[in-house]
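> curious how this folds, go ahead:
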Amino acid sequence: MNETLALQSRVPGAASASARTLESGREVIWVDIDSSARKGALTADASSVIESSARQALASKRPLVLEMGSSGADIDEGIASLHGWGRAARAVTQCSGIVPIFFIVEGPAVSGPALMLGLSDFVILTEDAYAFVSGPAMVTQFTGIEIGNEELGGAGTLARASGVASIVVSDVESARESVDQILAFLPDNTDELPEQFPSSDPGDRQTPEAGELIPESSTGSYDVRNVIASIVDDGDYLELKPRWAANVVTAFATMGGRTVGIIANQPMVLAGTLDIPASQKAARFVTLCDAFNISIITLVDTPGFYPGKDLEWRGMIRHGAQLVFAYGRATVPRICVILRKSYGGAYIVMDSKRMGNDLCLAWPWAELAVMGAGQASAILQRKATDEEKAEFEADYAERLLNPYVAAECGLVDSVVTPAETRSEIVAALEMLADKREKLIKRKHDNSPL
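Numbering: from 1, shown residues only. This is a model prediction of the structure:
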């Protein structure tokens, strides 16, 4: 990593910024907050480094990378340090959706700096990093519960429980390499397209192994990541937030040399149902791909939303709407492939045809309906005998569940075999390469946060 242009933003022993060329040749605006100086306490001057760097990233249309370890706003400076942090946060916010924003955390990220992680597109943590808004002492004071840094906001907790971490790595050098790895799939800014990569993997390669992964039973489990590996270039993909909301997979890959973002239900976890974390994870990824002109591939196998009083009380309606909203406003090329089940409201939110996708494919055994045959029988045939229920379910499956019914209604563009899936997607991506939509003029939308 080489420093090519020194910025006029430097606080000796606390913070520095520079325009750097990464090993891949990509130029970024890089900010270092020195965690060894008073645990990286942010003074007003240090925050001004972040602010000026964010403005430089915006002006030059380069990705912004902040490497930090910070215990929060400098207590000795009082309100001045808080004011400086606020200005920095506003400048970073203004970069959102225009240039990619990365945070590398190698130590603490407490209070204000912790909130800034939520503003970024990618958060890369080292194994010894931790982050929280209110620390252990505050938790103990208010709740009486004794808790340590690791349990409250360690890298494992942030990767598994809160979804803050995009990737967890062993050390800061690995974190820097991860920035380069992710940037390979991204343009420098929203005005550019991702780079197209030469690939020796034929676009028309047949993928019968993708279908062989699906169990004969409609309730059988399988790892959708194996399906992803079978259809993408050379079987390579980069999964983000793998430990959080594992019932949905989000990953970057290439197909025919073109960068794609993949959202896939994961039948191995909660049967692939959608709950609040899964809806948030998928929605955020869809929005990211749309912001940076990355085509979206959605692989669907879900029986619906996860039921439960707790989820409903915690706002399943609002959070489920985030995924609907993300797909509904996305203008990049969108291809949906229904692998097996697509029921109820989850059918709609997983980029169904009327949500505006450009191509909807289904495998021959795909089931599209309000609900499965067993569920329908339990509701409509409550007083029937077992024999009558079995007869009803067989008739229901034949009349309503097969994809050809949906195709006749124009809700599925084509029923394809698993072997044809890769070639169909690659051909569609080529056809959609010049897709452009006219955006509605407005100040901004009102996303269901």
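
> by mean pLDDT, which helix or strand of this structure comes out lowest?
strand 2-11 (a mean of 50; mean pLDDT, DSSP states H and E).

> beyond that strand, next helix or strand please.
Using DSSP states H and E, the helix or strand that follows strand 2-11 in sequence is strand 15-21.

> how much space separates the residue in the chain sticking out farthest from the centre from residue 394?
For the chain, the largest distance from the centre (CA atoms, centre = their mean) belongs to residue 385, which lies 46.2 Å off. With distances taken as CB to CB, to the nearest Å, residue 385 is found 14 Å from residue 394. Where C-beta positions appear, they are placed from N, C-alpha and C, glycine not excepted.

> what's the closest non-adjacent residue to residue 68?
What sits nearest to residue 68 in space, not counting adjacent residues and going by CB to CB, 6 or more residues apart in numbering, is residue 33, at 3.7 Å.

> the one you found is in contact with residue 42, isn't it?
Yes. Using CB atoms under 8 Å, residue 33 is in contact with residue 42, at 7.3 Å.

> okay, and the common contacts of these two?
70, 113 (CB atoms under 8 Å, 6 or more residues apart in numbering).

> between the two, which one's more packed in?
More neighbours surround residue 42 than the other of residue 33 and residue 42, with 31 against 28 (other CB atoms under 10 Å).

> who's in contact with the residue nearest to residue 68?
Neighbours of residue 33 in contact, by CB under 8 Å, 6+ apart: 14-15, 40, 42, 46, 49-50, 66-70, 113.

> please redo it, this time with the cut-off set to 7 Å
Shown in contact with residue 33 (CB atoms under 7 Å, 6 or more residues apart in numbering): 15, 40, 46, 67, 68, 69, 70.

> got it, and residue 283?
322, 323, 326.

> can you read off the pLDDT for the residue nearest to the spatial centre of the chain?
Geometric centre of the chain, nearest residue: residue 285, 2.9 Å, by CA atoms, centre = their mean. pLDDT for residue 285: 98.

> I'd say it and residue 252 touch.
No. Here residue 285 does not reach residue 252: they are 9.4 Å apart, not a contact under CB atoms under 7 Å.

> what is in contact with these two at once?
With contacts defined as CB under 7 Å, 6+ apart, the residues shared by residue 285 and residue 252 are residue 261.

> now the stretch 51-200 of the chain, which segments are flagged as low pLDDT?
Applying pLDDT under 70 to the stretch 51-200 of the chain picks out residues 73-77.

> that one: strands as residue ranges?
64-70, 101-110, 122-126, 130-132, 167-169 (DSSP state E, counting those that start in this stretch).

> for the last one, packing partners?
Spelled out, that is strand 167-169. Secondary-structure packing of strand 167-169 (3 or more CB pairs under 7 Å, 6 or more residues apart in numbering; DSSP states H and E): strand 122-126, helix 172-183.

> direction included, what does the shortest one pair against?
Here strand 122-126 has these sheet partners by DSSP bridges: strand 101-110 (parallel), strand 167-169 (parallel).

> which residues does the shortest one contact?
Residues from elsewhere that reach strand 167-169, judged by CB under 7 Å, 6+ apart: 124, 125, 126, 127, 155, 159, 175, 178, 240.

> the fourth one contacts residue 170, doesn't it?
Okay, so that is residue 127. Yes. When contacts are counted by CB under 7 Å, residue 127 is listed as touching residue 170 (5.8 Å).

> and the two? which has more neighbours close in?
residue 127 (13 against 10).

> please identify which helix or strand holds residue 440.
Using DSSP H and E, residue 440 sits in no helix or strand.

> i'd like the first residue to be 3 from this point on
Taking 3 as the first residue, the last one we looked at is residue 442.

> tell me how far it lies from residue 330.
When residue 442 is compared with residue 330 (using CB to CB), they lie 12 Å apart.

> and if you look at residue 154?
As judged by CB to CB, residue 154 and residue 330 stand 36 Å apart.

> so for the two, which residue has more residues nearby?
Neighbours per residue, other CB under 10 Å: of residue 154 and residue 330, the larger number sits with residue 154, 18 against 14.

> distance of that one relative to residue 128?
Distance from residue 154 to residue 128, by CB to CB: 17 Å.

> what does residue 91 give?
From residue 91 over to residue 128 (counting by CB to CB), the distance is 23 Å.

> what do you get for residue 315?
36 Å.

> more neighbours, the two?
For residue 315 and residue 128, the more surrounded residue by other CB under 10 Å is residue 128, and the numbers stand at 19 against 8.

> in the sheet, who's paired with the more buried one?
residue 171.

> wait, it sits on residue 177?
Yes. Between residue 128 and residue 177 there is a contact under CB under 7 Å: 5.9 Å.

> got the phi/psi numbers for residue 367?
Dihedral angles of residue 367 (phi, psi; degrees, to the nearest 10) stand at phi -100, psi 10.

> from residue 208, how far out is it?
For residue 367, the distance to residue 208 (CB to CB) stands at 18 Å.

> could you do residue 257 as well?
Distance from residue 257 to residue 208, counting by CB to CB: 14 Å.

> next one: phi and psi at the residue farthest from the centre of the chain?
Dihedral angles for residue 387 - degrees, to the nearest 10 - are phi -80, psi 170.

> per-residue pLDDT, it?
77.

> do the same with the one 5 residues further on
Per-residue confidence for residue 392 comes out at a pLDDT of 71.
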